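Trainee: Got a predicted model here, sequence first, then my questions.
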2 protein chains.
Amino acid sequence: MLSTMQDVPLTVARILTHGSTVHAGTTVATWNGASADRRSYAEVGARAAQLAHALRDELGVVGDERVATLMWNNAGHLEAYLAVPAMGAVLHTLNLRLPAHQLAFIVNHAADRVILVDATLLPLLAPVLPQLAPTLKHIVVAGQGDRAPLDGFAGTVHDYDELIAGRPTDYPWATDLDERTAAALCYTSGTTGDPKGVAYSHRSVYLHCLQVIAGDSFGLTARDIALPVVPMFHVNAWGIPHAAFMSGTGLLMPDRFLQPKPLAQMISSERPTVSAAVPTIWSGLLDELDHGAYDTSSLRMVVIGGSACPPSLMRAFEERHGIDVVHAWGMTETSPLGSFATVPPGLTPEQRWPYRITQGRFPATVEARLVGPDGTRMPHDGTAAGELEVRGPWIAGAYFGGAGQDPLRPEDKFSEDGWLRTGDVGTITADGYLTLTDRAKDVIKSGGEWISSVELENHLMAHPDVAEAAVVAVPDEKWGERPLATVVLRDGAAVEFTVLRDFLAERVAKWQLPERWTLLTEVPKTSVGKFDKKVIRRQHADGELDVTRLS
Amino acid sequence: MLSTMQDVPLTVARILTHGSTVHAGTTVATWNGASADRRSYAEVGARAAQLAHALRDELGVVGDERVATLMWNNAGHLEAYLAVPAMGAVLHTLNLRLPAHQLAFIVNHAADRVILVDATLLPLLAPVLPQLAPTLKHIVVAGQGDRAPLDGFAGTVHDYDELIAGRPTDYPWATDLDERTAAALCYTSGTTGDPKGVAYSHRSVYLHCLQVIAGDSFGLTARDIALPVVPMFHVNAWGIPHAAFMSGTGLLMPDRFLQPKPLAQMISSERPTVSAAVPTIWSGLLDELDHGAYDTSSLRMVVIGGSACPPSLMRAFEERHGIDVVHAWGMTETSPLGSFATVPPGLTPEQRWPYRITQGRFPATVEARLVGPDGTRMPHDGTAAGELEVRGPWIAGAYFGGAGQDPLRPEDKFSEDGWLRTGDVGTITADGYLTLTDRAKDVIKSGGEWISSVELENHLMAHPDVAEAAVVAVPDEKWGERPLATVVLRDGAAVEFTVLRDFLAERVAKWQLPERWTLLTEVPKTSVGKFDKKVIRRQHADGELDVTRLS
């Protein structure tokens, strides 16, 4: 039996039209280093229309062609966020922290026709230009600055404000397209292999916005001002720009001023109520707030994601500055919300901590399950560990261009029944709280059980003679995989592997103890200083390691 | 370009599974007159599964057959709310205030196979039984009470608890159906003509839930307890039961105890944080709170809809009991949210009042426009009036069974481009606030302009010699329609029509002054005491009225 409801698609065009009319007077404030440049949502809507006309009439963007942005969080970027999907094209946000060859790869892979770039980022774009395919026809520069870095570009260079000036301030937005068509494209910055693109749909962006404004997520209202410190090139700044336009929430955009002092200044003077950031930035801000005279009383909530926030940092913000720091989990493939560590009612502040340090609970629209080492579902009892798999309308089911294979892992990134394999391992309690403990590639699958390499490493490094320890999975005929412990001893130390094994035996189950041990002079590291375990695995596979086998 | 997101439908089954697992420990408390009977969401989920098994295996409900409920707001009704749509059948909520012949009409029109009924409501169902079609096979009685009223029923009578006892507590819910299929059916209780059914889809219910939990609507979280005083047979209790299961919000169900004293008692002892009601019930509650010793400090918001709440009542609740009363607008055809009178930031309490007494702002998912007397769009300037038309994925685009004609109005209830004509007339400000002033059938369309009959009546009744006045539209060759003023004079009063016209002329524009006047001994009234203008229009059309025409 069909319903009698209207068949109206969920579109970015609706968000744009709603925000720029019903919330015409709400403002986006972009920090300029000393104060904020303001633009009303009505102006943003009018300029978005002008941008769409320019893209279509002047730059020839048709259908679902890709328009890229290499921009900070600012009002211009917000206009592109709205205009490009709302005209039916696809917004491709470029991660300005990618190395040049990866930037070139993703621009070419997406066949971007246009790049909108902040003038301050031209030095970053210039070295990429020679590697770009001729599909890129136009570069549009926003803001003042030297255009010389673009001299070698074969296409056309435009000034953003000149390009849109004088064009009509309304546009026949794509309000009736299929909500499953792509609205925005974001590539994951994998540590190995080429970046992989996730193409968000109008449907997924819209539903995700409804979650961002939900009471148990950011709960954005027309009385809030949101400060997205997380970059707009990174999973759409967790959906905050689009969600703010949906809910009439004011925006405070930090532009390139992401250092502790300007962040403290803009919070103090612009009085945002909500913010979102990664732990490293927020850790630097704490020190600034501790030593300066800033007013942070407007902030009701700061959401921290990307990686786990140290509880000490959460306590410090709460106790010294009255700021409630809330954990969230997500990834590019999950739009990104994800779980949100709100707390059950009726608890004392101390009773709240065990919930706050988890990754939180999933909303109804994200279904979660744990899959154990033998592929079966693990119970949600807070103890049984499994790889986290998620399902839902704002969760990726494939990669743009068909890439579904992670070179690091032989299994597909997606299960046979279409769930996303997150690569994260952890537990879920009976009341839905997620705690992540390992990356899946760091656990050893031994005879239908999982051994946490991170746990073994932490125990080994607690031994006084051990400087560093890395544990990796190696193939084993009987058990499938078994742990190989590689150890770097402290200067002058000498200790038998049997002693280290006995040390571990007091701390972990017997079946988890490594039989294979190797001494290293140094653990191989990635460019950002993390243990590079794939190098160890390859060295072992190539027979380059001197392995002692204990019986 | 297709997105890479998973194609996961929005379903009631997902709400059910989420609420009964992630929020397993949340409780629904049903008032029993003295205290509350509690059931956890895990138990509700398990009993919903048992109910689904019983409906399918024992009562033979297949596919999208209709299962009706004639129940108060209680835990059993919540189980039906979840189980029936989640198994793929359609929940038909029966309005227990309908007259018997209309109840029979809607049960037969929907071809209900089963009715779930509270034992306390059997006396209401009994007189309907002889009129029911043989499509109704089963009556399931919830709770204790005399079954004798059902003696004449030709089908089978079951006891709810006995029926579900011992059945499996999980069920293969319909998680992958087309989200546009019907989930629930609710008939509008039109004052004339047969009731018309609105069939909500899984998609519309789900999206509407996401709006109910949004920060600028109810903002429901897992730390809230919601008290839906609005009945579950009336537009799904404004979506609160489903939304509570989505957000893990506790529920306090009043069952049949809707009188001021038990309401005050249950608020005092169960400490709900949010409630929703119509003005009449809340007005009675005020008096009880004023004179008793009740603790209402838990309530952060009470949403009032159905009809406008007198500002004096809003002030009284705020000033005497610290309860924030918020206006909302909606109707059966709009799921029902609708606009919500949240207030812009930065205002003093007195500055907030002009916003609070409006019908509020629309969320992004409900698009609104005003259509003037000549069919053109009116500006949103707070002055120009038009009929409110709305569009969106949780707005009806037709009626169940194809009825799209309102016998009261020759025009279709839906515009040519598919918008719902609400039948409400009002204005919208530039910043989106809706104020409703008239029903469309009460305005007179005169030469491309609208004349408000309500306004003329209010002015006439302010004249000391006038007891009652009703103004209706009558056909006019030159202007299309013109006002006919019908007047009942006070006992002993004698006044010329010209005097009344001059009285009006000081208060409204000249072109709005009625030429046609009639004296009545009494204005015809409906069964609930409202002016029955269609009787006057028919009397005029039939030449039964003695009309004086002023030049």
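Mentor: Okay, I see it. This structure is a prediction, so every number in the text was calculated from the model and none was measured. Numbering: from 1, shown residues only, chains lettered A, B, ... in the order given.
Trainee: thought A:R167 was touching A:A48?
Mentor: No. Contact between A:R167 and A:A48 fails when scored by C-beta atoms under 8 Å: they sit 11.0 Å apart. All C-beta spots, glycine's among them, are computed from the backbone N, C-alpha and C.
Trainee: So between these two, which is more surrounded?
Mentor: Just comparing A:R167 and A:A48: by other C-beta atoms under 10 Å in any protein chain shown the higher neighbour count belongs to A:A48, 29 against 18.
Trainee: can you tell me which residues contact the more buried one?
Mentor: Each residue near A:A48 by C-beta atoms under 8 Å, 6 or more residues apart in numbering or on different chains is listed here: A:L16, A:S20, A:E79, A:L82, A:A83, A:A86, A:Y171.
Trainee: Local confidence estimate at A:G392?
Mentor: Note on A:G392: pLDDT of 98.
Trainee: for it, what are its contacts?
Mentor: By C-beta under 8 Å, 6+ apart, the residues touching A:G392 are A:T365, A:V366, A:E367, B:Q6, B:V8.
Trainee: Check A:M5 too.
Mentor: B:R180, B:V198, B:A199, B:Y200, B:S201, B:R203, B:S204, B:P393, B:W394, B:I395, B:A396, B:G397 are the contacts of A:M5 under C-beta under 8 Å, 6+ apart.
Trainee: likewise A:G248?
Mentor: The contact partners of A:G248, by C-beta under 8 Å, 6+ apart, come to A:G19, A:V22, A:H23, A:T26, A:Y41, A:T221, A:A222, B:D216.
Trainee: Quick check: it vs B:F317, distance?
Mentor: A:G248 sits 26 Å away from B:F317, going by C-beta to C-beta, to the nearest Å.
Trainee: Then A:R538?
Mentor: A:R538 is 71 Å from B:F317, by C-beta to C-beta.
Trainee: for A:I395, same thing?
Mentor: Taken as C-beta to C-beta, the span from A:I395 to B:F317 is 43 Å.
Trainee: same question, A:M301
Mentor: Distance from A:M301 to B:F317, by C-beta to C-beta: 28 Å.
Trainee: of the two, who's got more company?
Mentor: Set A:M301 next to B:F317 and count neighbours by other C-beta under 10 Å: B:F317 wins out with 23 against 17.
Trainee: Name the nearest residue to that one, ignoring sequence neighbours.
Mentor: With C-beta to C-beta, 6 or more residues apart in numbering or on different chains as the criterion, B:F317 has its nearest non-adjacent residue at 4.3 Å, and that residue is B:I323.
Trainee: Can you name the helix or strand that the one you found falls in?
Mentor: Counting by DSSP states H and E, no helix or strand carries B:I323.
Trainee: Same question for A:A46.
Mentor: Under the criterion of DSSP H and E, A:A46 resides in helix A:41-53.
Trainee: for stretch A:8-15, the distance to its chain's centre please.
Mentor: Centroid separation for stretch A:8-15 versus its chain: 24 Å, with C-alpha atoms, centre = their mean, to the nearest Å.
Trainee: and that stretch, is it in reach of chain B?
Mentor: Yes. Stretch A:8-15 is in contact with chain B by C-beta under 8 Å from any C-beta of the partner chain, via A:V8, A:P9, A:L10, A:R14, A:I15.
Trainee: Just name the closest of those residues to B:H463, please.
Mentor: A:V8 (47.8 Å; C-beta to C-beta).
Trainee: any idea whether the closest one is helix, strand or coil?
Mentor: On the three-state scheme (DSSP: H, G, I helix; E, B strand; the rest coil), A:V8 is labelled coil.
Trainee: what's the span of stretch A:448-465 from first residue to last?
Mentor: End-to-end distance of stretch A:448-465 (C-alpha to C-alpha, to the nearest Å): 33 Å.
Trainee: Identify each buried residue in that stretch, please.
Mentor: Buried positions in stretch A:448-465, judged by neighbour count with 16 or more other C-beta atoms under 10 Å in any protein chain shown: A:E449, A:W450, A:I451, A:S452, A:S453, A:E455, A:L456, A:E457, A:H459, A:L460, A:H463.
Trainee: which other residues reach it?
Mentor: With contact meaning C-beta under 8 Å, 6+ apart, stretch A:448-465 is reached by A:372-374, A:385, A:425, A:437-438, A:442-444, A:466-473, A:483, A:485, A:487, A:489-490, A:493-495, A:500, A:503-504, A:507-508, A:511-512, A:514, A:533.
Trainee: secondary structure element for A:P123?
Mentor: helix A:122-125.
Trainee: right, and the helix or strand after that helix?
Mentor: strand A:138-142.
Trainee: now for that next one, which elements pack on it?
Mentor: When contacts are defined as 3 or more C-beta pairs under 8 Å, 6 or more residues apart in numbering or on different chains; DSSP states H and E, strand A:138-142 packs onto strand A:114-118, strand A:156-159, helix A:160-164.
Trainee: In contact with A:W238, which residues?
Mentor: By C-beta under 8 Å, 6+ apart, the neighbours of A:W238 are A:V212, A:P228, A:V230, A:A276, A:V303, A:G305, A:A328, A:G330, A:P336, A:L337.
Trainee: Show the pLDDT at it.
Mentor: So A:W238 comes in at 97 (pLDDT).
Trainee: which SS class is the nearest residue to A:V235 once chain neighbours are set aside?
Mentor: Nearest non-adjacent residue to A:V235, counting by C-beta to C-beta, 6+ apart: A:P336, 4.4 Å away. In three-state terms, and counting by three-state DSSP, A:P336 is coil.
Trainee: What's the separation between A:P336 and A:S189?
Mentor: Using C-beta to C-beta, A:P336 is found at 13 Å from A:S189.
Trainee: Comparing these two, which residue is more hemmed in?
Mentor: Legend: neighbour count by other C-beta under 10 Å for A:P336 and A:S189, higher for A:P336 (24 against 15).
Trainee: Spit out the contact partners of the more buried one.
Mentor: A:V235, A:W238, A:G239, A:G305, A:G330.
Trainee: and the third one, what is it in contact with?
Mentor: Remark: with contacts taken as C-beta under 8 Å, 6+ apart, A:G239 is in contact with A:V205, A:H208, A:C209, A:Q211, A:V212, A:S335, A:P336, A:L337.
Trainee: Relative to A:A111, which of the contacts of A:G392 is nearest.
Mentor: Closest to A:A111, out of all of the contacts of A:G392 and judged by C-beta to C-beta, is B:Q6, at 24.3 Å.
Trainee: count of residues packed around that closest one?
Mentor: Counted with other C-beta under 10 Å, B:Q6 comes out at 21.
Trainee: Next: A:V471.
Mentor: Neighbourhood size, A:V471 [other C-beta under 10 Å]: 27.
Trainee: Surely it is in contact with A:P514?
Mentor: Yes. Here A:V471 reaches A:P514: they are 6.8 Å apart, a contact under C-beta under 8 Å.
Trainee: any residues in contact with both of those two?
Mentor: By C-beta under 8 Å, 6+ apart, the residues touching both A:V471 and A:P514 are A:L456, A:P483, A:L484, A:A485.
Trainee: least confident pick among those residues?
Mentor: Lowest pLDDT among those: A:L456, 91.
Trainee: That one: which element?
Mentor: Judged by DSSP H and E, A:L456 forms part of helix A:453-461.
Trainee: buried stuff in the next helix or strand after that helix?
Mentor: Toward the C-terminal end, the helix or strand that comes next after helix A:453-461 (DSSP H and E) is strand A:466-476. For strand A:466-476, a neighbour-count test (16+ other C-beta under 10 Å) marks A:V466, A:E468, A:A469, A:A470, A:V471, A:V472, A:A473, A:V474, A:D476 as buried.
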